[in-house]
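# Mind looking at a prediction? Sequence and model below.
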Amino acid sequence: MKANNVCNSCNREINTLPNNTRFYCPVCNKFEIVRCGHCRQIVAKYTCASCGFIGPN
């Protein structure tokens with residue numbers, strides 16, 4: 001299975017972007033959230049496709 005290399009917030013490929021992160025949804029722990037450094041810096045929202053949790057706040 002191919003790894004998801006697209007930011008969940010802006011849909012940009014993150015292969016060459018700095019300060020990327022990957023983590024599982026803090027609520028359901030089933031869906032991997034992928035974030036690029038830019039979206040992390042501007043605190044862009046993301047949504048878990050499994051449970052609908054909206055983060056980061």
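Yep, that arrived. Numbers count the residues shown, from 1 in each chain.
# residues touching the most centrally placed residue in the chain, list them.
In the chain, the C-alpha nearest the mean C-alpha coordinate belongs to residue 34, at 2.8 Å (CA atoms, centre = their mean). By CB atoms under 8 Å, 6 or more residues apart in numbering, the contact set of residue 34 is 4, 5, 6, 7, 8, 14, 20, 21, 22. In this view, the C-beta of every residue, glycine as well, is placed from N, C-alpha and C.
# These in strands, which ones?
21, 22 (DSSP state E).
# tell me which of the contacts of residue 34 is nearest to residue 42?
If you rank these by distance to residue 42 using CB to CB, residue 7 comes first, at 11.7 Å.
# With residue 33 as the reference, measure out to that closest one.
Residue 7 sits 9 Å away from residue 33, going by CB to CB, to the nearest Å.
# where does this structure have low pLDDT?
Where the chain drops to pLDDT under 70, the residues are 1-3.
# repeat that with 90
Where the chain drops to pLDDT under 90, the residues are 1-5, 14-19, 56-57.
# can you give me the strands for it?
Using DSSP E, strands in the chain cover 21-24, 32-35, 46-47, 54-55.
# returning to what we had before: need the contacts of residue 34 in CSV (columns: neighbour count and distance to residue 45).
Formatted as CSV, the contacts of residue 34 follow (neighbours: other CB atoms under 10 Å; distance: CB to CB, whole Å):
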residue, neighbour count, distance to residue 45
4, 13, 18
5, 14, 20
6, 14, 16
7, 23, 12
8, 22, 9
14, 22, 17
20, 17, 17
21, 13, 15
22, 13, 17
